[in-house]
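**Student:** sequence unknown, structure follows:
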């Protein structure tokens, strides 16, 4: 199944943005999970059904409203625990903890939760807890360089450096992939991102933590090719 998915995704970019769903809201997206998403069979065959069932997804609204509520500048995130490796799991049986920006008003918090459910799909249908926290999400500007062109020639996708932080609950830190991140030699994007309506590229995960309550599980899984960085729009 994964080989089929990899073939369909082909190169470096995953694009699931649907103009048909355009609703006038957009922003930045960051995801990390406990399995490589940019990988080859030498790694993925060892991870499937054994790991990759935990993830943190985070969205920051940069423009727009959700059903009339202005959400510009606010963040929402979800820590998710699946039944097994995402893509092989039962999405409607996943458990999630949703984290809402503490700067949001009550109406904005309700809108952020609704938006996360829309983007996260069935894996956010069983929410164990909704938490409020100080949050930041940042994608750094990324200018194309000669080194980038060289990486591209070797088939390595380039994403901006990115970070997400929710106080005392979750964290993601990423950097662009580089030539040293080739292990199998035939790496591809092996999984789709967990959020719908995103345009993303894979990245190297420097930090990925969930240390909250509600999922009977916490994780700390840095130093792997397990992130997606990009943008969303509805």
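**Tutor:** Happy to help now that I have it. All figures in this text were calculated on a predicted structure; none of them were measured in a lab. Numbers count the residues shown, from 1 in each chain.
**Student:** How about residues contacting the lengthiest helix in the chain?
**Tutor:** For the chain, the helix reaching the highest residue count under DSSP state H is reported as helix 106-120. Outside helix 106-120, the residues within contact range by CB atoms under 8 Å, 6 or more residues apart in numbering are 25, 57, 59, 61, 66-67, 69-71, 74-78, 80, 96, 98, 100-101, 104, 124-125, 130, 132, 194-198, 232, 234. Backbone N, C-alpha and C define where each C-beta goes, glycine included.
**Student:** ok, whichever helix or strand comes after it: who's next to it in the sheet?
**Tutor:** Taking DSSP states H and E as the definition, the helix or strand that follows helix 106-120 towards the C-terminus is strand 127-133. The partner list of strand 127-133 in its sheet, established with DSSP bridges, is strand 95-101 (parallel).
**Student:** now the angle from the longest helix of the chain to strand 95-101?
**Tutor:** Helix 106-120 and strand 95-101 are oriented at 140 degrees to each other (axes from the mean of the first three to the mean of the last three CA atoms, to 10 degrees).
**Student:** For the residue positioned nearest the centre of the chain, give me its contacts.
**Tutor:** Nearest to the mean C-alpha position of the chain, counting by CA atoms, centre = their mean, stands residue 31 at 1.7 Å. Each residue near residue 31 by CB under 8 Å, 6+ apart is listed here: 55-58, 172, 193-195, 200, 227-228.
**Student:** can we see that at 10 Å?
**Tutor:** The contact partners of residue 31, by CB atoms under 10 Å, 6 or more residues apart in numbering, come to 37, 55-59, 77-78, 80, 162, 164, 172, 174, 193-195, 198, 200, 202-203, 205, 208, 226-230.
**Student:** Show me the residues you listed that map onto strands.
**Tutor:** Secondary structure defined by DSSP state E assigns 55-59, 77-78, 80, 162, 164, 172, 174, 198, 200, 202-203, 205, 208, 226-230 of the contacts of residue 31 to strands.
**Student:** picking that back up, now, of the contacts of helix 106-120, which are buried?
**Tutor:** The neighbour-count test (16 or more other CB atoms under 10 Å) marks 25, 57, 59, 61, 66, 69-71, 74-78, 80, 96, 98, 100-101, 104, 124, 130, 132, 194-198, 232, 234 as buried among the contacts of helix 106-120.
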